[in-house]
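S.K.: got a predicted model here, sequence first, then my questions.
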Amino acid sequence: MDGTAEIVSAALGLSFDLLVRTVPIVVAGVLIAEVLIALKVTDRIASVAYPVTTFSHLPRECGASFLLAFVSPQAADAMLVDYHHRGMIGRRQLVVAALINSFPSVVMHWRYLIPVYVPLLGAFGLIYFTILMGIGFLKTGIVMAAGRVLLPEVPASGPPEKPSGGALSVREAVRASLGPTAKTLRRILGIMIPTIVIVAFLIEAGVFDAVAAYLEGAGRLFPIPPEGLAIVAAKFGSYVAAASLASGLLAAGDMAGRDIVITLLVANLLTSVVTYLRWLGSFYAAIFGPRLGAEIMILSVVLQDGLLLAAIFLLAWFW
């Protein structure tokens, strides 16, 4: 009984922490979308991402979301959901745009990967980072090509026109956006809050830890030396721990640089599954709804990990 009470207490605490970190970002994303619409400046902002949206057959509105994803992926996806609820983009366009929105977060990985992996592993850390970036670029290119094939071409439009007389001030636009923002947030938060609470209970009950323990053993199925299994296990705890352990093995001559890179990619592949299930899965379900969120997450996992798996075996065979 005490164990159950501890799980419930910990899950409620984790739920509160997740909601505090997530809800304000989602609120900001929806509000920004509504304010941009009220100010009629969406086209002008989105024109920066015009090559991406045009090639992918996406409306210009998706360009504004793509740019926001460099700052906050959650707010960017909340913006897409708002556009979808307003009928500005269709379901397929939403899926393609959401997958493309994952690219900025991949690019921004340099902020924590390079300061750790390059000093500890030198050239091999840089090779590892470059491969991850290449996979991110390739994944985005595949999604853009899929959008070009699967989505109807968006009618060409000229440069965005300046709003004619009667343009709202920022304060007036914010005031006018409050009603539509509240309406959209009721739909999103009605799904988000229970989803995050359920995921928090699963985390505290040890469900995802059991999955992680199983996946640690799966490292034996990949072309890495026995010493590399320790790096895989360390990666489930922290990427810093994995890099530190890899650095020690490399310096001692226990593993070659080639094996270090391949092992880190395997560790990234296995831990990404747990990350998607534990954190990103709940985020996708909370923002897009359980069904659409699961569809977007599965497509993202298949693309990302499929390319990573191919890279692992290509390196093992040809390096």
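M.R.: Good, I have the coordinates.

S.K.: per-residue pLDDT, Met1?
M.R.: Predicted confidence (pLDDT) for Met1: 51.

S.K.: to clarify, my last question referred to Val48.
M.R.: Looking at Val48, the pLDDT reads 66.

S.K.: which other residues reach stretch 260-270?
M.R.: 117, 121, 124, 127-128, 131-132, 215-216, 218-219, 222-225, 228, 231-232, 234-236, 242-243, 246, 249-250, 255, 305, 308-309, 311-312, 315-316, 319 (CB atoms under 8 Å, 6 or more residues apart in numbering). C-beta: built from backbone N, CA, C; applies to glycine.

S.K.: just the buried members of these?
M.R.: 117, 121, 124, 127-128, 131-132, 215-216, 219, 222, 224, 228, 231-232, 234-236, 242-243, 246, 249-250, 255, 305, 308, 311-312, 315-316 (16 or more other CB atoms under 10 Å).

S.K.: okay, now Ala210: neighbour count?
M.R.: By the other CB atoms under 10 Å criterion, the neighbourhood of Ala210 contains 10 residues.

S.K.: just the ones of the contacts of stretch 260-270 in helices?
M.R.: Residues of the contacts of stretch 260-270 located in helices (DSSP state H): 117, 121, 124, 127-128, 131-132, 215-216, 228, 231-232, 234-236, 242-243, 246, 249-250, 305, 308-309, 311-312, 315-316.

S.K.: longest helix in this protein, by residue count?
M.R.: Max-length helix for the chain by DSSP H is helix 2-39.

S.K.: helices and strands around the helix or strand hosting Val106, which ones?
M.R.: Following DSSP states H and E, the helix or strand that holds Val106 is helix 102-107. Contacts defined by 3 or more CB pairs under 8 Å, 6 or more residues apart in numbering; DSSP states H and E place helix 102-107 against helix 73-85, helix 123-150.

S.K.: can you rerun that using 10 Å?
M.R.: Contact partners of helix 102-107 among helices and strands, from 3 or more CB pairs under 10 Å, 6 or more residues apart in numbering; DSSP states H and E: helix 61-68, helix 73-85, helix 123-150, helix 290-318.

S.K.: just put those helices in TSV and tack on distance to Lys183 and mean pLDDT.
M.R.: Converted to TSV, the helices and strands packed on helix 102-107 look like this (distance: least, CB to CB, whole Å; pLDDT from 0 to 100):
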stretch	distance to Lys183	mean pLDDT
helix 61-68	18	84
helix 73-85	8	86
helix 123-150	28	93
helix 290-318	19	90
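
S.K.: just put those helices in TSV and tack on distance to Val26.
M.R.: Formatted as TSV, those follow (distance: least, CB to CB, whole Å):
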stretch	distance to Val26
helix 61-68	12
helix 73-85	5
helix 123-150	23
helix 290-318	13
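
S.K.: so which of those is nearest Leu178?
M.R.: Ranking the helices and strands packed on helix 102-107 by proximity to Leu178 (CB to CB) places helix 73-85 first, at 13.4 Å.

S.K.: after the closest one, which helix or strand is next?
M.R.: helix 91-100.

S.K.: could you give the angle of that next one to helix 61-68?
M.R.: Using axes from the mean of the first three to the mean of the last three CA atoms, to 10 degrees, the inter-axis angle of helix 91-100 relative to helix 61-68 is 20 degrees.

S.K.: Phe288: what's it in contact with?
M.R.: 77-78, 80-81, 84, 94-95, 98, 188, 191-192, 294-297 (CB atoms under 10 Å, 6 or more residues apart in numbering).

S.K.: check which helix or strand Ser177 maps to.
M.R.: Counting by DSSP H and E, Ser177 is part of helix 170-204.

S.K.: and the angle from that helix to helix 290-318?
M.R.: 70 degrees.

S.K.: pull out the buried positions in helix 170-204.
M.R.: 173-174, 176-177, 180-181, 184-185, 188-189, 191-193, 195-197, 199-201, 203-204.

S.K.: same check, this time on stretch 58-65
M.R.: Leu58, Pro59, Arg60, Glu61, Cys62, Gly63, Ala64, Ser65.

S.K.: Gly125 and Ala242 touch, don't they?
M.R.: No. At 11.4 Å, Gly125 does not count as touching Ala242 under the criterion of CB atoms under 10 Å.

S.K.: what touches both of these two?
M.R.: Joint contacts of Gly125 and Ala242 (CB under 10 Å, 6+ apart) are Val116, Tyr117, Leu264.

S.K.: ok, the first one - contacts?
M.R.: Applying CB under 10 Å, 6+ apart to Val116 gives the contacts Gly125, Phe129, Ser238, Tyr239, Val240, Ala242, Ala243, Ser244, Ser247.

S.K.: any quick ChimeraX command for the buried ones out of those residues?
M.R.: Buried members of the contacts of Val116, defined by 16+ other CB under 10 Å, are picked up in ChimeraX with:
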select :125,129,239,242,243,244,247
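
S.K.: could you point out the helix or strand that follows the one helix or strand in the chain whose mean pLDDT sits lowest?
M.R.: Scoring the helices and strands of the chain by mean pLDDT, DSSP states H and E places helix 42-46 at the bottom, with a mean of 59. Per DSSP H and E, the first helix or strand lying C-terminal to helix 42-46 is helix 50-55.
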